[in-house]
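Asker: Requesting a structural model of the entry that follows:
(chains A, B and C)
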Amino acid sequence: MKYFLGVDIGSATTKVVLLSSNETKDNILGYAIRETGSDGNKTALDLIDDLLKTHNISLKDINSIVATGYGRIKVDFTDKSKTEISCHAKGINFLFPDARTVIDIGGQDSKVIKIGKNGAVLDFVMNDKCAAGTGRFLEIMSKVLQVSFDEFGEIHLKTSDYVDITNICTVFAESEIITLISEGVPKEKIIKGINYSVAKRAVALVKRVGIDQEVVMSGGVAKNIGVVKALEELIGVSIKTPHEPQIVGALGAALFAKELS
Amino acid sequence: MSVEKLVYERQNLIKSFVGSFPVYLGAKIFINAKYKEDKVTKISYLYALDLIKYIYGKKSKKVMINIFTPSEIFYALDIYPLLPEVASGFFSALGLLRRALNESEGILGNSDVCSVHRGILGLSKLKVFPTPDFLVSYTKPCFSPIFSFSLIKELNGGEIFVIDSFEDEEYLASQIERIYYELTKRLGVKDGIERLKKVIILSNEAYNYFEEVKELRRDYVVMDGKNFLDYAGMIFSVFGSKYGVEFFKTLRDEIKSRIQKGKIIEPKVRLYWMHLGPYFKTDLFKWLNDKGAYIVFEESTSVSWERLDINNPFESLAKKLINLKAFSSLEDRIKVALENVEKYKAHGVIIFNQWGCRQGSVPTYIIRQKLVREGVPSIVIDGDLVDELNFPKEQIKTRIEAFLEVIS
Amino acid sequence: MEEIGEYFDYYSYLKDKINSGGYVGYMCSYVPPEIISASGFEPLPIIFPPLYPERTDEVYPKYFCPYIRNVNEYILRNGLNLEKIILTDGCDSSKRIYECWKELGVSNSIYFLRIPFNSDENSVKYFATELKELFKDLNGGIETEKLVKTIDFYNSLRDKIRRDGLNPLSIFSLLTGEAYTNFENNYDHNPQVKVYLLSSMFPLDFIKYLHSLGVEVAYIDSCFGGNLLERVENYHKDPFYVISEYYLKRTACVRSLGQEKRIENIKRLKENIDGVIIYTLKFCDPLIYQSARLREIIKTLNLPVLTIEDDYTLGNKGQIRTRVEAFVEMIYERRKVSL
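Answerer: The predicted structure follows:
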């Protein structure tokens, strides 16, 4: 049995996936997520330590480690790195072999990736200039509304209509929402509107790459069923999501670790 | 079914409607009834109705032109030219441009270019505009239509003609002539020159009324200049057609009638507006009026040219084009602004900066500085003509309010 | 003069030339350096190192060509008065900056050259007249012989570049009339990944940055011109006409409406390159409009395309790096598959 580690050091959170592999099958043994903080390298090392302890495996049992994400360049425990684009493609391909379009909305950026049969990246487009349409937007709005964004999904499903958030810029949208609250607009409608706002930004990206079924969402925002549903409605195609969408990048990195050894 | 759905998803319905004579007649009667009192709006809607009927007609030649391409040569051939830039503004005014703008992001992968042209691309891609037979663009006021027309040609088809100017009347005249003769050949029109003469007479007649309107406004303000920003579409589209004559005559009559009836406005603050203004629904202009501020004249209305000579149609059209001093060079715009500020006794100037308009925005701060140095208070407003998402209304109002305080 | 980093050799050459004089600066690929050389001046493509445009923001809005804003910034910061410069109406930003620079007295002598959009017979004739006027302005008279000799020389330069090397920046020897030839430095002749760089204006440092990520630019297609260098032929009788036709009809500049030649070139080079990188300068309208279609067409040729959007400063190196690395990974995957 061989063991591989994939590490995804994002600007908001760091994820580690432990993969076990024999001749016939690859298996996700375990994973861990933690806030990156100021030292991504250290956070990753601590996370790896904890994860391996939990599974009674030592570092020397690990065949290979691959790092991805924004912090991949600074790590000292491996020299193998892959971009998160390739890793998300690989990871989704493992979980959904029929996936051909991946919509990844993370904490600070969003991307749409066209993938081939074996998870190869065929085309991609990214938005990393603007917080609008990313997890950051939801985080800020959740603070303004004093509602945890974990509840955004449920609330969305329970609410029938929504209020359109017209500002595309996060900063202005924040003022807009404060105004709506003061006008007595019910929070549920605002939340649903916020979800639609994020979905609409993603649609713009999707259109640049084109839709090929199956469509899968990854990244932290995929946990928000409201955004998923809104996106499904806007592109007219059903979207699948993995159980744990945040670890897709790290999973892909672990799979690359296997490939590269 | 909402109007938006109808326009974007059921175009074949619309096309068959306008094709059907009873529906067309019904629409005409409706417009005549609804706008019985507001005759100026009535004429513009009747023109729009005929334009729509023409461009969705089965046998008509569909020609897209940019705002400064001379409309006369097309009316001479019984063609109603479609001005996509004006149409983009029109759709925005009806609140129907959002889908087209979103669609354009998919085409361009970018939303930094002029939103008017983003709208044009979206409307073409979504087949709201018919597939053009010809696309004609002059190189002024800007190059955007040359590129958007070029993309439309790639997406939908059509033949593209670009009119280079070089500030050379002779060269420009020869190009206009070339295009006119090319079109007459294609359409099998034999009496090209005779038709052109008739159209030139109509254009001159319309122009006479247009000049009267401008003169009357020097002494009397009877309506806010926002109306004239809306009429800019007509200024670009109808010279050479009977609608041109009717429109400007009606406008002149309306102004005269209001003066007679004493329906005169005494603005507290008189403003000169540069570039165009937002077409989508906004309370900005009413808000200005409520503060006693009125637009008394606009750059877009200040266009003027020598009467066209029926014996030298192409040369005089070339002269007209070269002398269009709206949205033109830094020097011209400052000169025209100072002239108009004096003529129309403006207290200040609002210089509107359209998102994505390179030719307009590069010199704006310098224009403002020069005007201020000449003693004319001026302000630059960053906004958008057709995309309300690029129009931070409250910020703009705050800026203008401060400006008005400075002036008074 | 403010310190220019040693990042690019051409910048030092530029600095020296501006100090010593005897040059005519230009910023557009439609300006024939032959005309400048034939007038006894040194053609000088104006490209400055990227700076944060704080002085420029005082006089101009942010939303137009960042390359022009950068040139403006450099001029303002260093209090430069460019001896002579040629501007064109190649694009809306360029057309208006001429008027602004004229108004503000940025250079002693600015010449405005008009470029037709069309390339039919009349337009070629008209542009030939424009070029004659430019020549007269620089020379005081028309000496056709001088121009013919210069075209000879430039043809030999083109032959040399085609023969000698693949380093794309060798076109600078052509653009400066062989006054600048120092470009061999760190070009990798056996690169891992070779690309065709399509752009309008781009910071020269971008090439170096790509090199550091293992990507070599084999072909440039930009506002400086491209390095697909055909000779000028049949120019002895009417060199102005021939030069006019050559510059109007060749594959440079994303502003030209006929993109067929560009596509043909890419098709021809397909086997020699791994992909196409489109460096989209923010707010560059011609490129934004044209690249929409170009991207699709190049994809149908089964070539991977990467679009990098930047405001000339290469400020977001981390983001650019991620995209370029992902692009390289994509290319390696394709190679594996095709094996």
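
Asker: Show me the shaky parts of the stretch 51-200 of chain A.
Answerer: For the stretch 51-200 of chain A, the stretches flagged by pLDDT under 70 are A:128-129, A:168.

Asker: show me the residues around whichever residue of the stretch 151-261 of chain A sits closest to chain B that make contact.
Answerer: Nearest residue of the stretch 151-261 of chain A to chain B: residue A:207, at 3.2 Å (CB to the nearest CB). C-beta here means a position set from N, CA and C on the backbone, and glycine is covered the same way. Counting by CB atoms under 8 Å, 6 or more residues apart in numbering or on different chains, residue A:207 makes contact with B:103, B:105-106.

Asker: which SSE is it in?
Answerer: Residue A:207 belongs to helix A:187-209 when assigned by DSSP states H and E.

Asker: Report the next helix or strand after that helix in sequence order.
Answerer: Next element after helix A:187-209 (DSSP H and E): strand A:215-218.

Asker: From the centroid of chain B, which residue is nearest?
Answerer: Geometric centre of chain B, nearest residue: residue B:233, 2.7 Å, by CA atoms, centre = their mean.

Asker: Could you tell me the model confidence score at the closest residue in space to that residue that isn't next to it in sequence?
Answerer: Using CB to CB, 6 or more residues apart in numbering or on different chains and skipping residues adjacent in sequence, the residue nearest residue B:233 is residue B:86, 4.0 Å away. The model reports residue B:86 with a pLDDT of 97.

Asker: So residue B:86, which state does it fall into?
Answerer: Three-state assignment for residue B:86 (DSSP: H, G, I helix; E, B strand; the rest coil): helix.

Asker: One more: residue C:231?
Answerer: coil.

Asker: May I have the residues that are in contact with it?
Answerer: Per CB under 8 Å, 6+ apart, neighbours of residue C:231: C:155, C:158-159.

Asker: Go through these and give me the one with the most neighbours.
Answerer: Neighbour counts for the contacts of residue C:231, by other CB atoms under 10 Å in any protein chain shown, peak at residue C:158, which reaches 19 neighbours.

Asker: what's the burial count for the nearest residue to residue A:97 once chain neighbours are set aside?
Answerer: The shortest distance from residue A:97 to any non-neighbouring residue, by CB to CB, 6+ apart, is to residue A:117 (8.0 Å). Residues lying near residue A:117 (other CB under 10 Å) number 10.

Asker: How about the one 4 residues further on?
Answerer: Summarising burial for residue A:121: neighbours were counted as other CB under 10 Å, giving 25.

Asker: Name the spans of the stretch 51-200 of chain B whose pLDDT lies under the cut-off.
Answerer: For the stretch 51-200 of chain B, no range has pLDDT under 70.

Asker: same check, this time on the stretch 51-200 of chain C
Answerer: Residue ranges of the stretch 51-200 of chain C with pLDDT under 70: C:165-166, C:183-189.

Asker: residues contacting the most centrally placed residue in chain A?
Answerer: Taking CA atoms, centre = their mean, the centroid of chain A lies closest to residue A:219, which sits 1.1 Å from it. Residue A:219 makes contact with A:88, A:104-106, A:110, A:135, A:245-246, A:248 under the criterion CB under 8 Å, 6+ apart.

Asker: Please enumerate the strands of chain B.
Answerer: With strands called from DSSP state E, chain B shows them at B:63-65, B:134-138, B:159-163, B:269-274, B:293-298, B:348-354, B:378-383.

Asker: same question, the stretch 51-200 of chain A
Answerer: Counting by DSSP state E, counting those that start in this stretch, the stretch 51-200 of chain A has strands at residues A:62-68, A:101-105, A:110-115, A:121-127.

Asker: now these as CSV including distance to chain C?
Answerer: Shown next, in CSV, are these (distance: least, CB to the nearest CB, whole Å):
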stretch, distance to chain C
strand A:62-68, 10
strand A:101-105, 12
strand A:110-115, 9
strand A:121-127, 5
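
Asker: Can I get the ones you listed in TSV including distance to residue C:103?
Answerer: Listed next are the strands of the stretch 51-200 of chain A as TSV, based on distance: least, CB to CB, whole Å:
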stretch	distance to residue C:103
strand A:62-68	52
strand A:101-105	47
strand A:110-115	43
strand A:121-127	38
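
Asker: Can you say which of the ones you listed is nearest to chain B?
Answerer: strand A:121-127 (7.2 Å).

Asker: For the spatially most distant residue from the centre of chain A, give its distance to chain C.
Answerer: Distance from the C-alpha centroid of chain A, by CA atoms, centre = their mean, peaks at residue A:183 (34.0 Å). Residue A:183 is 33 Å from chain C, where distance means CB to the nearest CB, to the nearest Å.

Asker: so how far is residue A:45 from that residue?
Answerer: 49 Å (CB to CB, to the nearest Å).

Asker: can you give me the helices for the stretch 51-200 of chain C?
Answerer: Using DSSP state H, counting those that start in this stretch, the helices found in the stretch 51-200 of chain C span residues C:56-59, C:66-78, C:92-104, C:121-139, C:144-164, C:171-175.

Asker: Give the burial count for residue C:299, as a bare number.
Answerer: Neighbour count for residue C:299, taken as other CB under 10 Å: 14.

Asker: Contacts only, for residue A:108.
Answerer: Residue A:108 is in contact with A:10-12, A:70, A:128, A:131, A:134-136, counting by CB under 8 Å, 6+ apart.

Asker: Residue B:105: how many residues sit nearby?
Answerer: Neighbours of residue B:105 under the rule other CB under 10 Å: 18.

Asker: Would you agree it is in contact with residue A:206?
Answerer: No: the pair residue B:105 / residue A:206 is not scored as a contact, 10.4 Å apart, by CB atoms under 8 Å.

Asker: How about the contacts made by the one residue in the stretch 1-150 of chain B that gets nearest to chain C?
Answerer: Ranked by CB to the nearest CB, the top residue of the stretch 1-150 of chain B for proximity to chain C is residue B:147, at 3.7 Å. When contacts are counted by CB under 8 Å, 6+ apart, residue B:147 touches B:117, C:285-286, C:289-290.

Asker: Show the contacting residues for the residue nearest to residue B:233.
Answerer: Counting by CB under 8 Å, 6+ apart, residue B:86 touches B:67, B:233, B:236-237.

Asker: now do residue C:325
Answerer: Neighbouring residues of residue C:325 by CB under 8 Å, 6+ apart: A:83, C:213.

Asker: can you check residue A:164 too?
Answerer: So residue A:164 contacts A:193, A:196 (CB under 8 Å, 6+ apart).

Asker: could you redo the last one with a cut-off of 10 Å?
Answerer: Going by CB atoms under 10 Å, 6 or more residues apart in numbering or on different chains, residue A:164 touches A:176, A:189, A:193, A:196-197, A:200.

Asker: And the furthest pair within those?
Answerer: A:189 and A:200 (16.3 Å; CB to CB).
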